[in-house]
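**Q** predicted coordinates and the sequence they were generated for:
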Amino acid sequence: MKKTKTPKGIRNNNPGNLELGSPWQGLAKQQKDSRFCTFVDAAYGIRALTVNLITYHDKRKAANGTRIDTVREIIERWAPAIENHTENYIRFVSKSVGVTSDQNIDLHDYNIMRPLVEAIIRQENGNGGLKTLNSWYSSEVIDEGLRRAGVVKKTKTVAKIPVTKETASATVAASLGIGQIAEVMPQVSDALTKSESHFSSGSVIRIIFGIATIVVAGVIAYAQIRRYQKGI
């Protein structure tokens with residue numbers, strides 16, 4: 001059985017098949033191809049592909065003079081009809097990204113750029129056999145290439161909960177048993193009530209005293225908890 005030859009783009013760590021000419025980060029010292037770039041690893045090749053697409057989006061114009069911000073405009077520039085089946089290319093990429101070919105998209109958005117890059121890799125190199133959209137690289141390699149190009153997935157931020165009498169009391173209650181709560185909560189609550197007057201006064205000294213009051217109450221509560229644990 002004849003073994004299928006690995007595509008040049010994959011061998012060169014250049015899955016976008018970028019041509020020589022630009023001083024890309026991560027270029028190999030020895031360029032083994034006379035036309036296409038060779039990168040030191042696949043993530044740098046993916047980075048170059050991503051940066052090239054962002055450059056189209058931010059600095060180049062479509063054939064009608066408008067900003068390049070649709071899959072059709074991107075692929076018409078990326079894969080002109082002189083060497084490619086451009087319409088098939090556009091249909092495949094649009095479906096992969098989940099948009100219509102003429103829908104406006106933001107190439108700085110991770111959720112747009114990632115499937116766009118993966119679809120281009122698949123179209124340029126064929127089916128590599130992996131169960132990923134691009135079929136050649138793992139999700140980690142794709143994300144690293146995007147990260148090097150400055151495109152990262154947004155992380156959800158957890159809102160900070162203000163420290164109040166109620167939240168502090170709830171925190172103490174969550175860490176104790178029923179019997180322990182009954183004894184220590186009145187002291188903690190009383191300390192917090194007294195400290196509120198110090199905080200509201202605006203005086204630095206009184207605020208410090210208020211904080212100290214809470215700390216002392218905490219120490220007392222801790223001592224009582226330890227007594228319970230030791231059976232005293």
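**A** In hand now; what should we look at? Numbering: from 1, shown residues only.

**Q** helices of this structure, residue ranges please.
**A** 8-11, 42-59, 71-78, 86-97, 110-125, 139-148, 165-174, 178-201, 204-230 (DSSP state H).

**Q** how many neighbours does the closest residue to residue 41 other than its chain neighbours have?
**A** In this structure, residue 41 finds its nearest non-sequential neighbour in residue 13, 5.6 Å apart by Cβ to Cβ, 6 or more residues apart in numbering. All C-beta atoms are positioned from the backbone trio N, CA, C, and that covers glycine. In terms of burial, residue 13 registers 20 neighbours under the definition other Cβ atoms under 10 Å.

**Q** quick check: residue 13 vs residue 27, distance?
**A** As judged by Cβ to Cβ, to the nearest Å, residue 13 and residue 27 stand 10 Å apart.

**Q** kindly report the same for residue 20.
**A** The span separating residue 20 from residue 27 equals 9 Å under the rule Cβ to Cβ.

**Q** so between those two, which is more surrounded?
**A** Legend: neighbour count by other Cβ under 10 Å for residue 20 and residue 27, higher for residue 27 (19 against 14).

**Q** pLDDT score assigned to that one?
**A** The per-residue pLDDT reported for residue 27 equals 98.

**Q** related to what we said a few turns ago, give the residues shared as contacts by residue 13 and residue 27.
**A** In terms of Cβ atoms under 8 Å, 6 or more residues apart in numbering, residue 13 and residue 27 are both contacted by the residues 38-40, 44.

**Q** pull the contacting residues for residue 114.
**A** Counting by Cβ under 8 Å, 6+ apart, residue 114 touches 142-143, 146, 151.

**Q** in TSV: the residues you listed, plus distance to residue 67, neighbour count and pLDDT.
**A** Conversion of the contacts of residue 114 to TSV gives the following (distance: Cβ to Cβ, whole Å; neighbours: other Cβ atoms under 10 Å; pLDDT from 0 to 100):
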residue	distance to residue 67	neighbour count	pLDDT
142	26	24	98
143	27	18	98
146	21	21	98
151	18	23	96
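
**Q** just give me the closest of those to residue 62.
**A** The shortest approach to residue 62 among these belongs to residue 151, at 21.4 Å (Cβ to Cβ).

**Q** quick one: the closest one from residue 106, how far?
**A** The separation that residue 151 has from residue 106, given Cβ to Cβ, amounts to 11 Å.

**Q** repeat for residue 39
**A** Using Cβ to Cβ, residue 39 is found at 26 Å from residue 106.

**Q** neighbour-wise, which of these two wins?
**A** residue 39 (23 against 11).

**Q** okay, and the beta partners of that one?
**A** When bridges are assigned using DSSP bridges, the partners listed for residue 39 are residue 27.

**Q** per-residue pLDDT of it, please?
**A** On pLDDT, residue 39 comes in at 98.

**Q** so how far is residue 107 from it?
**A** Taking Cβ to Cβ as the measure, residue 39 and residue 107 are separated by 21 Å.

**Q** where does the prediction get shaky in this structure?
**A** Counting by pLDDT under 70, the chain has low-confidence residues at 1-4, 157-232.

**Q** residue 102 contacts residue 72, correct?
**A** Yes: Residue 102 is within contact range of residue 72, at 5.6 Å (criterion: Cβ atoms under 8 Å).

**Q** for residue 97, give me its contacts.
**A** Taking Cβ under 8 Å, 6+ apart as the criterion, residue 97 is in contact with 71, 105, 112, 115-116, 119.

**Q** ok, and the most crowded of those?
**A** Using other Cβ under 10 Å as the neighbour definition, those reach their maximum at residue 71, which records 26 neighbours.
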